[in-house]
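> This is the structure alone, sequence omitted:
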């Protein structure tokens, strides 16, 4: 069971950027609910899936939410860029067949 939380980094500071790249397996076609929990300002991070940058909306309790549309199941390129990574962050994903993200989230491993 993999963690969805990035809580510590080898190097931190104002001039440091963390880059996490890999592939994300999306097992179903449809709309995925995505939640981002972090105290960092959105200007300091970017999440890209399948060459599409996630657009975040304000959610309850300071959590940000987005919708990712997968036209077909498969593996998609994934990139997380995080500047000045002094705060932890957590990404959670809900399958298209799951209840809406504000009701229940199914965590998915980030490569």
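Great, that's in hand. Note that the structure is predicted; figures quoted are calculated from it, not measured. Residues are numbered from 1 along each chain as shown.

> On the secondary structure side, give me the element for the residue nearest the centre of the chain.
When CA atoms, centre = their mean is applied to the chain, the residue found nearest the centroid is residue 91 (4.0 Å). Residue 91 belongs to strand 89-94 when assigned by DSSP states H and E.

> and that strand, what does it pack onto?
strand 5-6, strand 30-38 (3 or more CB pairs under 8 Å, 6 or more residues apart in numbering; DSSP states H and E). Backbone N, C-alpha and C define where each C-beta goes, glycine included.

> Tell me what angle it forms with strand 30-38.
Calculated by axes from the mean of the first three to the mean of the last three CA atoms, to 10 degrees, strand 89-94 forms an angle of 160 degrees with strand 30-38.

> And for the closest residue to residue 42 other than its chain neighbours, the neighbour number?
In this structure, residue 42 finds its nearest non-sequential neighbour in residue 56, 5.8 Å apart by CB to CB, 6 or more residues apart in numbering. Residues lying near residue 56 (other CB atoms under 10 Å) number 16.
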